[in-house]
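1. pasting the structure only:
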């Protein structure tokens with residue numbers, strides 16, 4: 001943090017730090033409001049973890065759900081949030097729910113931004129839940145529409161980790177979302193994209209946050225903001241030091257953030273400027289299939305198999321939504337040591353689940369992250385669990401598969417459980433309970449992964465960053481994983497991280513445009 005009068009290398013109305021869904025929404029709305037806006041992205045590519053995502057956006061009560069004929073409302077979503085979180089962050093909840101329909105309508109005014117509703121159940125059985133889900137997703141995007149902008153969009157995780165660009169195909173999921181927002185923002189003529197600008201500090205003048213310092217390939221620059229600085233640069237999941245300080249389980253190597261990103265510099269800078277933080281021990285958890293290089297693949301949608309801890313026993317409903325299964329893995333010791341997904345050859349030795357990025361069984365078996373055996377006792381020896389316990393666990397589970405009732409963990413009793421189940425060729429009465437009876441058997445190491453930390457800067461309903469005494473820090477705003485999530489320790493439904501980032505980035509810009517009293 002610097003104070004006093006500064007020399008500036010550039011001046012804009014709005015500075016947006018980061019380039020994920022929240023950041024690009026903020027940049028687009030600011031530019032459409034006539035504000036000269038700059039996006040500062042630390043890497044050479046735009047989109048961050050948002051570009052890796054499935055791009056579900058939890059934005060209730062919008063015209064997209066109306067077009068799909070979905071029987072949903074803002075009020076129902078409000079009941080659901082209150083049932084899960086109580087009155088904690090009630091003002092932020094209400095602001096989110098009020099603004100989501102307005103934001104989607106405004107975004108879709110631009111032909112570059114199009115959404116559709118796609119079924120994906122809310123995660124928790126509570127009043128107001130939508131069993132069919134209420135998330136919206138972007139339509140696929142013709143890469144030709146982006147032209148020279150295409151190489152700026154971060155590719156899918158498997159291609160990005162391999163140093164490859166986009167395939168010759170439409171942009172889907174998170175790439176489509178970032179591409180559409182980028183296209184709409186740049187077409188305004190008022191949104192400027194600056195890659196390789198690594199923001200490391202904030203600048204103050206007369207008590208206002210008026211700009212940032214950023215490292216670039218050509219040295220440090222200072223950029224001034226006339227209206228405000230929006231921090232939407234992700235969390236600190238990529239920094240093991242900060243994770244250790246705040247006791248966040250897991251590790252940077254297992255997180256799904258792009259490598260070398262989300263290391264918390266903007267968070268540190270805001271704290272140095274007096275910002276308060278919250279939920280710093282939290283993340284958006286998920287199971288991760290450990291990869292041969294020590295990283296992890298986001299794992300969800302189990303179609304079969306069962307998960308055991310170091311004792312050889314099941315400890316949770318394996319079909320839980322991924323955040324809740326991640327928490328169960330942490331409680332079972334998977335934050336420090338792996339648990340295992342045990343499965344048979346029903347799918348030819350492939351993992352009966354979705355992984356992002358996709359995984360190659362041959363690579364895993366060669367590296368030892370998966371093991372294979374002709375019998376369960378042999379498999380137990382390979383993963384270091386008691387043979388009798390594993391054999392009994394599988395036998396008990398197969399008995400549940402025959403009856404259709406999981407007496408231990410109730411797998412298959414919730415709409416979310418059934419969403420990913422192989423209902424068309426289920427071997428028994430419960431499609432979530434598929435027996436393990438086709439040797440050889442396999443075990444894949446699972447670790448505690450995350451989609452990002454969810455603790456960060458405390459904010460109000462205008463996305464203004466708050467000091468410890470609750471007063472706003474003038475000129476400073478935050479959204480997405482740079483801020484503390486308004487849903488607390490709960491993950492209500494698919495797309496809450498993206499949807500809330502987008503809404504609060506837009507609310508930040510709306511406050512900037514209506515604010516007066518800034519120093520000239």
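-> On my side now, so go ahead. Everything numeric in this text was worked out from a predicted model, so none of it was measured.
2. C-alpha only now, for contacts and for neighbours.
-> OK.
3. any idea how far residue 441 is from residue 384?
-> 15 Å (Cα to Cα, to the nearest Å).
4. higher neighbour count, the two?
-> Neighbour count, other Cα atoms under 10 Å: between residue 441 and residue 384, residue 441 has more, with 21 against 12.
5. which residues sit in contact with the residue sitting furthest away from the middle of the chain?
-> The C-alpha centroid of the chain is most remote from residue 388, which lies 38.9 Å away (Cα atoms, centre = their mean). If you count contacts by Cα atoms under 8 Å, 6 or more residues apart in numbering, residue 388 has them with residue 377.
6. quick one: it is in a helix?
-> Yes: Residue 388: assigned to a helix according to DSSP: H, G, I helix; E, B strand; the rest coil.
7. For stretch 95-112, list every residue counted as buried.
-> By neighbour count with 16 or more other Cα atoms under 10 Å, stretch 95-112 contains the buried residues 95, 96, 97, 98, 99, 100, 101, 103, 104, 107, 112.
8. just checking, what packs against whichever strand or helix holds the first one?
-> In the assignment (DSSP states H and E), residue 95 maps to helix 90-107. Based on contacts counted as 3 or more Cα pairs under 8 Å, 6 or more residues apart in numbering; DSSP states H and E, the elements that helix 90-107 packs against are helix 63-67, helix 74-85, helix 496-514.
9. The following helix or strand past that helix - what's its average pLDDT?
-> Taking DSSP H and E as the definition, the helix or strand that follows helix 90-107 towards the C-terminus is strand 115-117. The predicted model gives strand 115-117 an average pLDDT of 98.
10. Tell me the strands beside the very next helix or strand once past strand 115-117, with direction?
-> The helix or strand immediately downstream of strand 115-117 is strand 135-138, counting by DSSP H and E. Applying DSSP bridges to the sheet, strand 135-138 is found paired with strand 57-58 (antiparallel), strand 115-117 (antiparallel).
11. of all these, which lies closest to residue 370?
-> When the strands paired with strand 135-138 are ranked by distance to residue 370, counting by Cα to Cα, first place goes to strand 57-58 at 33.6 Å.
12. Relative to the whole chain's centre, how far out is that closest one?
-> 11 Å (Cα atoms, centre = their mean, to the nearest Å).
13. returning to what we had before: can you list the helices and strands packed on helix 90-107 in a markdown table and add mean pLDDT?
-> Shown next, in a markdown table, are the helices and strands packed on helix 90-107 (pLDDT from 0 to 100):
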| stretch | mean pLDDT |
| --- | --- |
| helix 63-67 | 97 |
| helix 74-85 | 97 |
| helix 496-514 | 97 |
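14. out of those helices, deepest packed?
-> Mean neighbour count (mean count of other Cα atoms under 10 Å) peaks for helix 496-514 among the helices and strands packed on helix 90-107, with a mean of 24.
15. Need the residues that contact it.
-> By Cα under 8 Å, 6+ apart, helix 496-514 touches 21-23, 25-26, 29-30, 33, 50, 55-59, 96, 99-100, 103, 227-228, 230, 232, 461-464, 477-481.
16. which SSE is the residue nearest to residue 311 when sequence neighbours are not counted in?
-> Nearest residue to residue 311 in three dimensions, chain neighbours excluded: residue 385, at 5.6 Å (Cα to Cα, 6 or more residues apart in numbering). Residue 385 is part of no helix or strand when elements are defined by DSSP H and E.
17. what's the burial count for residue 385?
-> Residue 385: 18 neighbours (other Cα under 10 Å).
18. who wins for proximity to residue 223 among the helices and strands packed on helix 90-107?
-> Closest to residue 223 of the helices and strands packed on helix 90-107, according to Cα to Cα: helix 496-514, at 17.3 Å.
19. relative to helix 90-107, how tilted is that closest one?
-> Computed with axes from the mean of the first three to the mean of the last three Cα atoms, to 10 degrees, the direction of helix 496-514 lies at 80 degrees from that of helix 90-107.
20. Just to check, residue 130 is in contact with residue 119?
-> No: applying Cα atoms under 8 Å as the test, residue 130 and residue 119 come out as separate, 9.7 Å apart.
21. more neighbours, the two?
-> Using other Cα under 10 Å as the criterion, residue 130 and residue 119 rank with residue 130 on top: 24 against 14.
22. how about that one, what does it touch?
-> 72, 121, 122.
23. How much space separates the second one from residue 134?
-> As judged by Cα to Cα, residue 121 and residue 134 stand 7 Å apart.
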